[in-house]
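Trainee: for reference, the sequence and a predicted model appear below.
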Amino acid sequence: MKNVALAALFAACLAGPAMAQNAPAVTFDVGGKFDRSFNQAAYDGAEKFKKETGVQYAEFEVRNAAEREQSIRNLARRGASVVVAVGFNNRSAVETVAREFPNVKFTIIDSVVELPNVQSVVFREHEGSFLVGMLAAMASKSGKVGFVGGMDIPLIRKFYKGYEEGAKFANPKADVLMNMTGTTPAAFNDPTRGAELARGQFDRGVDVVYAAAGATGLGVYQAAKDAHKLAIGVDSNQDHLHPGTMLSSMIKRVDVAVYNAMIGARNGTWKAGVTVLGLKEEGVGWSLDEFNRKLVTPEMEKKVNEARAAIIAGKIKVTDVTAAR
Amino acid sequence: MKGELPRWVDLGLLPAVNLLAALALSSLVVLAIGVNPLAALAILVRGAVGYPEAWGYTLYYATNFVFTGLAVAVAFHAGLFNIGGEGQAYVAGLGATLVCLGLDALPGFLVVPLAILAAAAFGAAWGAIPGWLQARRGSHVVITTIMFNFLASALMTYMLSNVLLDPTYGSPETRHFAPHATVWKLTDIAARFGFEAPRSPLNAATLLALAAAAFVWVYVWRTRAGYALRTVGANEQAARYAGIDPARTIIAAMAISGALAGLMAVNEVMGSQQRMVLAFTGGYGFVGIAVALMGRNHPVGVCLAALLFGALYQGGSDLAFEISTINRDLVIVIQGLVILFCGALENMFRPALAAFFARERAAA
């Protein structure tokens, strides 16, 4: 019996540091890596790295605030080539641990930490949201478009504000209805409530709805399909979920950011500092593929692309509600 | 439930048997996903208590559970089921935050006790309202405390997104408290004496938790008010007949319960995070129910059960970290099984043990 226990311990030690020296690492936020949205985009980026290089990355999904610092420190201590922290909630944890490990590289997604060994990647979600807001207003027959957010937090308002401005840009008379799903982080994983909110908006005349609510959006898209209305996806390209009723998706290339951080740390091209990914850098955008081709008229496509160019050129200013006040 | 158990069996053997059963079933789950259960157990134990940093995290989690477990236990002695620890702690965090941010011009020896009192007061208020509704209006405290959890998170999301947030970053969290307006971490205390403590969120709130446990013992078993509390819990009619006002007792019990849950904010907000973050309560309020059940609503039992759950949290975290096929959901399954066996299926082994010890006694 003692031998079995010893063997088990030994096996545990072997299984333990599942990560090779110099492999990259990633921590996902509380939504979990299979939320089909934000975290999953990060997961896709890490998987792409693994597929191309054959290097197994280390990973951790946090459950609570204390685990953020703990997991980031553990990954740094094990000699990760770069520790990618996904989500704005990690700012303080990355700041603390990056000071402790000045020789380890850190990448934080969706927030900014100004230290010489930290790379910060933030997105201009309001710009992408502006474009899908235009699409929504142009596709709407009733002139009423909807928005379903997760929680009423600044990041989600950033999506909303851009969307609203885009809709009003395309149709100054457009009505934009907005609902937030809840007040706890569970609001990002509540498809049932998402479907209810979408139906409520349809009853009030909305015929295009945009969801920025993680997995809650899945309920919104389903409700749109059932009611023969249109929906707009977020973060990942979600057009394939319900071809015919998915008008488009506001794509946020978290996958590219994670992939770039990992491959950069491997090739030696990783650089500290703040990277802002907007329309210009193709860090955000709108999707047009075989699943939504029929829903987007050439005229809509032309107008949206014109607006895109105008935003890049600085001729259209989209409000960023999270910009420092 | 015939047959009294010897005290050591009731308090020691039975929980141990329940725990073993939970671990046995967990082993099968772990085996089913192709991991050696002994290896997993070894990591779990080592992760919980195997190195200094692990102890730090285990004790830090345990501190949360002592507060929320005591909160449930006190209410339970008055015959009330307080499911609102989560919301009470959340709102208590607001009290602590307002003092720590607003009054940090004061010196530390004033601002820290004031913030602790504010946390307790806000938690007490958030518990007393459902208590009042139960006592005076007959609204069941289980329903109202659940509703107050949602009200708390609605309030706090609003406060963090609109009022308290640090405008430089625009994410729903406050700025860091000034260093003198925080509860000392073990690392800070050690640094003062010139040596290095393992990195963990462990802070002086753990001592406060022990003091709270002692307070609960004295209050419930050594004071008039505690006697009234237990009498109301045992039989409200009898209490009234004995001249006790059940309504007042119920409101007081819920206020104390809320204050205890609220002190969790001292550990999380003032000690660990040293700022207010969204959803810092992280479900600790709910786990407090299981802690109180397992600890038999006794302060000593609650402390021991809190230690076990702290170890499960920290060990589970290491488990998810070390073995990639074991993710956090499986860790929750294991913790759930422990709660199931120690809480809900508490009476499963009791009849068998009672029969066994009855035979022993007859033989002796």
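Mentor: In hand now; what should we look at?

Trainee: please make it C-alpha for all contacts and neighbour counts, starting now.
Mentor: Will do.

Trainee: can you count the residues close to the closest residue to residue B:118 other than its chain neighbours?
Mentor: In this structure, residue B:118 finds its nearest non-sequential neighbour in residue B:95, 4.9 Å apart by Cα to Cα, 6 or more residues apart in numbering or on different chains. Using other Cα atoms under 10 Å in any protein chain shown, residue B:95 is surrounded by 23 other residues.

Trainee: in a helix, residue B:95, correct?
Mentor: Yes: applying DSSP: H, G, I helix; E, B strand; the rest coil, one finds residue B:95 inside a helix.

Trainee: my read: it touches residue B:112, true?
Mentor: No: in this structure, residue B:95 is not within contact of residue B:112 by Cα atoms under 8 Å, at 11.8 Å.

Trainee: ranges for the strands of the stretch 51-200 of chain A?
Mentor: In the stretch 51-200 of chain A, strands defined by DSSP state E, counting those that start in this stretch lie at A:58-61, A:82-86, A:105-109, A:118-123, A:144-151, A:175-182, listed in chain order.

Trainee: residue A:232 is nearest to which of those strands?
Mentor: Nearest to residue A:232 among the strands of the stretch 51-200 of chain A is strand A:144-151; the distance by Cα to Cα comes to 9.3 Å.

Trainee: parallel or antiparallel, list what pairs with the closest one.
Mentor: As defined by DSSP bridges, the strand partners of strand A:144-151 come to strand A:175-182 (parallel), strand A:208-212 (parallel).

Trainee: between these, which one is nearest to residue B:363?
Mentor: That would be, of the strands paired with strand A:144-151 and by Cα to Cα, strand A:175-182, which comes in at 62.0 Å.

Trainee: ok, residues contacting that closest one?
Mentor: With contact meaning Cα atoms under 8 Å, 6 or more residues apart in numbering or on different chains, strand A:175-182 is reached by A:143-152, A:160, A:164, A:167, A:187-188, A:190, A:193-194, A:197, A:201, A:206, A:213, B:154.

Trainee: cool, stretch B:115-133 as well?
Mentor: Contact with stretch B:115-133 is made by B:84, B:87-89, B:91-100, B:139-141, B:144-145, B:148, B:247, B:250-263, B:265-266, as judged by Cα under 8 Å, 6+ apart.

Trainee: repeat the analysis, applying 7 Å as the threshold.
Mentor: Outside stretch B:115-133, the residues that touch it by Cα atoms under 7 Å, 6 or more residues apart in numbering or on different chains are B:88-89, B:91-93, B:95-96, B:99-100, B:139, B:141, B:144-145, B:250-251, B:254-263, B:265-266.

Trainee: so how do I select the buried members of those in PyMOL?
Mentor: A single PyMOL command selects the buried members of the contacts of stretch B:115-133 (16 or more other Cα atoms under 10 Å in any protein chain shown):
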select buried, chain B and resi 88+89+91+92+93+95+96+99+100+141+144+145+250+251+254+255+256+257+258+259+260+261+262+263+265+266
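
Trainee: centre-most residue in chain A?
Mentor: For chain A, residue A:38 is the residue whose C-alpha lies nearest the centre (Cα atoms, centre = their mean; 3.3 Å).

Trainee: these two touch, right, it and residue A:235?
Mentor: Yes: contact criterion Cα atoms under 7 Å: residue A:38 and residue A:235 qualify, at 5.7 Å.

Trainee: for stretch B:222-242, measure first residue to last.
Mentor: End-to-end distance of stretch B:222-242 (Cα to Cα, to the nearest Å): 18 Å.

Trainee: in that stretch, what's buried?
Mentor: By 16+ other Cα under 10 Å, the buried positions in stretch B:222-242 come out as B:225, B:226, B:227, B:228, B:229, B:230, B:231, B:232, B:233, B:236, B:239.
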